[in-house]
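[1] Based on what follows, work out the 3D shape:
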Amino acid sequence: MKTYNFKVVIEPDDDRWHAYCPALKKQGASTWGNTQKEAVKHIQEVVQMIVDELIEDGEKIPEEPKSEVEVLAEPWVGVTV
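    Below is the predicted model of the structure:
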């Protein structure tokens, strides 16, 4: 089992928030929310969906660049505040 921590970028965009994951941008990891909290929730769901699809299709999960993806051998719990 591996834990993948992906860097995400959350930016204000007029009257909403834009969120994307640089390491998975090629796979379409981009979304938005009406609030910053909603954008974070949505990008987490998108990243999970993409990783699940990659695993299901037998494709490699991106682990580079190291500044955008951290791979851990042990399970971790992440909390963002």
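[2] quick one: low-confidence parts of the protein?
    79-81 (pLDDT under 70).
[3] contacting residues around Glu74?
    Neighbouring residues of Glu74 by C-beta atoms under 8 Å, 6 or more residues apart in numbering: Thr3. No exception for glycine: its C-beta is placed from N, CA and C like everyone else's.
[4] I'd like to know how far it sits from Val40.
    According to C-beta to C-beta, to the nearest Å, Glu74 and Val40 sit 24 Å apart.
[5] Also Ile50?
    From Ile50 to Val40 the distance is 16 Å (C-beta to C-beta).
[6] Val9 now?
    In terms of C-beta to C-beta, Val9 sits 11 Å off from Val40.
[7] intersection of neighbour lists for the two?
    Ala19.
[8] Which residue of the two possesses the greater neighbour count?
    Val40 (17 against 13; other C-beta atoms under 10 Å).
[9] which residues does that one contact?
    If you count contacts by C-beta under 8 Å, 6+ apart, Val40 has them with 8, 10, 19, 33, 80.
[10] Can you tell me which of those residues lies closest to Gly58?
    Checking these against Gly58 with C-beta to C-beta, the nearest one is Val8 at 25.2 Å.
[11] wait, isn't that closest one in contact with Ala23?
    No: the pair Val8 / Ala23 is not scored as a contact, 9.3 Å apart, by C-beta atoms under 8 Å.
[12] what touches both of the two?
    Common neighbours of Val8 and Ala23 (C-beta under 8 Å, 6+ apart) do not exist.
[13] what's the span of stretch 55-64, first residue to last?
    One end of stretch 55-64 sits 17 Å from the other (C-alpha to C-alpha, to the nearest Å).
[14] secondary structure class for the residue nearest the centre of the chain?
    Centroid check for the chain by C-alpha atoms, centre = their mean gives Val47 as the closest residue, at 4.0 Å. Three-state assignment for Val47 (DSSP: H, G, I helix; E, B strand; the rest coil): helix.
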